[in-house]
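Enquirer: next input, structure requested:
(chains A and B)
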Amino acid sequence: MLGVLKIDPEGGVGVMNGAELIVKFLEQEKVEIVFGHPGGAILPLYDALRQSRIRHVLARHEQAAAHAADGYARATGKVGVCMATSGPGATNLVTGIANAYMDSIPMVIFTGQVPTDMIGTDSFQEVDITGATLPFTKHNYLVKDVNLLPRVIKEAFHIARTGRPGPVLVDLPADICLQAVGKVEYPSRVDLPGYKPTYRGHPLQVARAATAIQEAKRPVLCAGGGVISSGASEELLTLAERAAIPVTITMMGIGAFPATHPLFLGMLGLHGLPPANHAVMGADLLLAVGVRFGNRVTGKVDIFAHQAKVVHIDIDPVEIGKNVPVDIPIVGDAKLVLRDLLERVHPVEKVQRQGWFDQIERWKTSYQGSMGAGVEKKASNEKGKRLKGRWVVERLNQILGKEGIILTDVGQHQMWAAQLALRERARSFISSGGLGTMGFGLPAAIGAKLGCPDEEVVLITGDGGFQMNMQELSVAAKLGLNLKIFILNNHSLGMVRQLQEFYYNKEYYSIELSDLPDMVKLIEAFGGTGFRVDDPAEVDDAIKRALASEALTLVDFLVDPNENVYPMVPRGKGIDEMIGG
Amino acid sequence: MRHTVTALVENSPGVLTRVAGLFSRRGFNIDSLAVGVTEDPRISRMTIVVEGSEATLEQLTKQLNKLINVIKVTDLKDSESVARELALVKIAVEPAQRAQITQLVDIFRGKIIDMGRQSVIVELTGDETKVDAFLNLARDFGIKEVVRTGRIAMARGMKSMEYQKEEKQNGQNIL
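Expert: Numbering: from 1, shown residues only, chains lettered A, B, ... in the order given. From the prediction side, this is the model:
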């Protein structure tokens, strides 16, 4: 059946098949780029794509196609699109889909499927992918009737990008893609009686929140990924400044608030910064915007922000009250709710909260003294000693400043990158949050670079995570993407090592990566350039050289394998009980 | 505490899987789940009996609402709703005991819908406690088989679960 391009019982001329219809609709959705890997069952769609102006980027592994679409979506705010064939193609996408789901990233995923009459027979490369992805897609479809395609494609994009964004998967049996369809228009609107996100906050709750802000003595704003997906950074900044409220962010919220702003406290959570963690625990009002209070943020949840009245603004009603009890719930879009709130909030002078700001200043000073600026001095004095990963990240941030887009993989380097990021705008820091997916960084950087070709795209990664998807260097090289890859290479799985140090009696096991390939030779094999740095004195120069390079460039920093990420909140503790804070 | 939650859902394949999957995934304990089509063939109605605190109930209601195919969810308070379940009970009955079993069925306002030489099938409707009480007494004869539908429920009075299609346009407030 796959040999037939169009199954047209009428023998009509100029009639499209299902796949061509999909591609036409993708063009109408203004999809510019899709990431994927072909295979038998998805070939009808590839054949239709061949004739389209939509660009297809051939990933070297389906997981990377999903991460690239994810990185593209995070960098641009558009819907990321990826595709793979049935069976293993589809299952390889699974990690990427779950990753996007956990971080509420808008994506539409197409998978090939065996022809409808073979579904359920365990045929070659058959897998129930709608069943498999049910728990971590916002919605999914198995299309069993070609006439449903217009509705399904329209709904898939609508669901992915509206409300709380998320991935939507469309499973396409090969025969459906090959079936002829007449002239079909793309629907202009959707009819989804069960899907009507609330965008405007309830006026009464907004009024209560405004009063709470006015009355608070020790308020803190906490911004998460929802501020970024809603595009509410400006409103957040206005509110913070007008009502004199210090701001902390979750890792997903990095960039939502300018890091150099005097009201900025830094990231909170288990590896959060002391000023942020202390402020949240000492606050009498916590204004949470677009956060989900994940366990990496709250630590011991029953004492989290225990002195505070909690205002929780989120577009997803499920998040409100799920993990942290809420006093003033506001379901709505962050931007719209903050705008409504701004209409009711009167200016508050900083002096009116002088005691609170003095306290925060003391936390900031004490932190700067212990780790902040001190680390830099100390590390640079240790000539001949092993490079410190944290210090390399700090130097990189100092040199890069607010420019470009930083991506990370998952592990120690990620936490340092998050703690030290000097990001000033939304979508300039991209990292795998909820799922913590090693291997995310490189393919996501490819997606981000393709989405924002004029931006300097910088990947901070570790030797462990980098190896999980390093085959994608082929894609970067082939497309001539001048990504800047900085590996904090400690020849081990650093975060796992740290966990074993603290919780498993320093019984180190299965963390050593001493058999790593030569990373400089590796990047050269893929057609890029690279250099190795192990002397602190060469770090600044290496970073500047890499940033100035026009080519795909990798810098292999050989760093101390025994370094830990601090501060660190031990298991079962409140976030103000930090080690090394 | 037990709660009765009722949901209007799209009558399409996979919806039951989504709902059932949600319960197991989020760790909700369901006692029963009954589903059937409504007066509108495009819409099915589910009645779910679930064990848990008020907070659990709130999460469950919100999580159900979050499913795209779920149109409306209502928590039915016992005092404001009627609830029934249907049970079919096959009981071993010697011919000499037929009068006794008929009497028992009458008391429970059930019906004998099949009579064999040595068994009867009884149809019984009522709330769960009534069915339990009947089963308890029928045990003296010997229960061969029981099938129960699980609870179905409906609010009293004029309140109804119809959904208003015109309520709100999709994407109305999108920026």
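
Enquirer: quick check: longest strand in chain B by residues?
Expert: Longest strand in chain B, counting residues (DSSP state E): strand B:81-92.

Enquirer: for residue A:333, grab the count of nearby residues.
Expert: Neighbours of residue A:333 under the rule other CB atoms under 10 Å in any protein chain shown: 28. From N, CA and C alone the C-beta is placed, and that goes for glycine too.

Enquirer: for residue A:164, same thing?
Expert: By other CB under 10 Å, 22 other residues sit near residue A:164.

Enquirer: isn't it right next to residue A:195, touching?
Expert: No. Assessed by CB atoms under 8 Å, residue A:164 is found out of contact with residue A:195, at 11.1 Å.

Enquirer: returning to what we had before: chain center to the helix or strand just after the longest strand of chain B, what's the gap?
Expert: Later in the chain than strand B:81-92, the nearest helix or strand by DSSP states H and E is helix B:98-107. Taking CA atoms, centre = their mean, to the nearest Å, one finds the center of helix B:98-107 at 26 Å from the center of the full chain.

Enquirer: report the buried residues of helix B:98-107.
Expert: Residues of helix B:98-107 classed as buried under the neighbour-count rule (16 or more other CB atoms under 10 Å in any protein chain shown) are B:101, B:102, B:104, B:105.

Enquirer: check which helices and strands that helix sits against.
Expert: strand B:111-115, strand B:119-126, helix B:128-138 (3 or more CB pairs under 8 Å, 6 or more residues apart in numbering or on different chains; DSSP states H and E).

Enquirer: low-confidence regions, the chain specifically.
Expert: I went with chain A, as the question did not name one. Where chain A drops to pLDDT under 70, the residues are A:1-14, A:371-384.

Enquirer: can you look at chain B instead?
Expert: B:162-175.

Enquirer: what residues go with each domain of it?
Expert: Domain assignment of chain B by automatic domain parsing yields the ranges B:2-76, B:82-153.

Enquirer: residue boundaries of the strands in the stretch 301-450 of chain A?
Expert: Taking DSSP state E, counting those that start in this stretch to define them, one finds strands in the stretch 301-450 of chain A at A:309-314, A:328-331, A:405-408, A:429-430.

Enquirer: would you mind finding the most buried of those?
Expert: Greatest average neighbour count among the strands of the stretch 301-450 of chain A goes to strand A:405-408 (a mean of 28), per mean count of other CB atoms under 10 Å in any protein chain shown.

Enquirer: give me the distance from that strand to the chain's centre.
Expert: 10 Å.

Enquirer: ok, residues contacting that strand?
Expert: A:71, A:75, A:400, A:414, A:417-418, A:421, A:423, A:427-432, A:441, A:444-445, A:448, A:452, A:455-461 (CB atoms under 8 Å, 6 or more residues apart in numbering or on different chains).

Enquirer: list the contacts of the closest residue to residue A:243 other than its chain neighbours.
Expert: Leaving out its chain neighbours, the residue that sits closest to residue A:243 by CB to CB, 6 or more residues apart in numbering or on different chains is residue A:348, at 4.8 Å. For residue A:348, the contacting residues are A:213, A:214, A:242, A:243, A:244, by CB under 8 Å, 6+ apart.

Enquirer: what's the closest non-adjacent residue to residue A:552?
Expert: Using CB to CB, 6+ apart and skipping the chain neighbours, the partner closest in space to residue A:552 is residue A:528 (3.4 Å).

Enquirer: show me what contacts the residue in the stretch 351-500 of chain A positioned nearest to chain B?
Expert: Proximity of the stretch 351-500 of chain A to chain B (CB to the nearest CB) peaks at residue A:426, 14.6 Å away. Contact analysis of residue A:426 by CB under 8 Å, 6+ apart lists A:227, A:228, A:231, A:233, A:255, A:256.

Enquirer: what parts of the stretch 101-250 of chain A come near chain B?
Expert: Within the stretch 101-250 of chain A, the residues that sit near chain B (CB under 8 Å from any CB of the partner chain) are A:130-131, A:134-135, A:138-139, A:142, A:158-159, A:162, A:189-196, A:199-200, A:231.

Enquirer: make it 10 Å
Expert: A:130-131, A:134-136, A:138-142, A:144, A:155, A:158-159, A:161-164, A:168, A:189-200, A:230-231 (CB under 10 Å from any CB of the partner chain).

Enquirer: about what we covered before: please pick the buried ones from the contacts of strand A:405-408.
Expert: With burial judged by 16+ other CB under 10 Å, the buried subset of the contacts of strand A:405-408 is A:71, A:75, A:400, A:414, A:417-418, A:421, A:423, A:427-432, A:441, A:444-445, A:448, A:452, A:457-461.

Enquirer: I'd like to know which of the residues you listed are part of helices.
Expert: Counting by DSSP state H, the buried ones among the contacts of strand A:405-408 place A:71, A:75, A:400, A:414, A:417, A:418, A:441, A:444, A:445, A:448 in helices.

Enquirer: I figured the first one hits residue A:35, correct?
Expert: So that's residue A:71. Yes. In this structure, residue A:71 is within contact of residue A:35 by CB atoms under 10 Å, at 9.3 Å.

Enquirer: look up phi and psi at residue 19.
Expert: This is for chain A. With angles defined as degrees, to the nearest 10, residue A:19 sits at phi -60, psi -40.

Enquirer: oops, I was thinking of chain B
Expert: For residue B:19, the backbone dihedrals are phi -70, psi -50 (criterion: degrees, to the nearest 10).

Enquirer: any idea how far it is from residue A:484?
Expert: Look at residue B:19 and residue A:484: by CB to CB, to the nearest Å, they are 47 Å apart.

Enquirer: more neighbours: these two, which one.
Expert: residue A:484 (24 against 21).

Enquirer: ok so, going back, between residue A:164 and residue A:195, what contacts are shared?
Expert: Counting by CB atoms under 10 Å, 6 or more residues apart in numbering or on different chains, the shared contacts of residue A:164 and residue A:195 are A:138, B:66.

Enquirer: go ahead and confirm residue A:255 touches residue A:430.
Expert: Yes. In this structure residue A:255 lies within contact range of residue A:430 using CB under 10 Å: 9.0 Å.

Enquirer: any idea how far chain A is from residue B:128?
Expert: As for residue B:128, its distance to chain A is 29 Å (criterion: CB to the nearest CB, to the nearest Å).

Enquirer: that residue contacts residue B:78, doesn't it?
Expert: No. Contact criterion CB under 10 Å: residue B:128 and residue B:78 do not qualify, at 11.6 Å.

Enquirer: need the residues touching each of these two.
Expert: By the contact definition CB under 10 Å, 6+ apart, residue B:128 and residue B:78 are jointly contacted by residue B:2.
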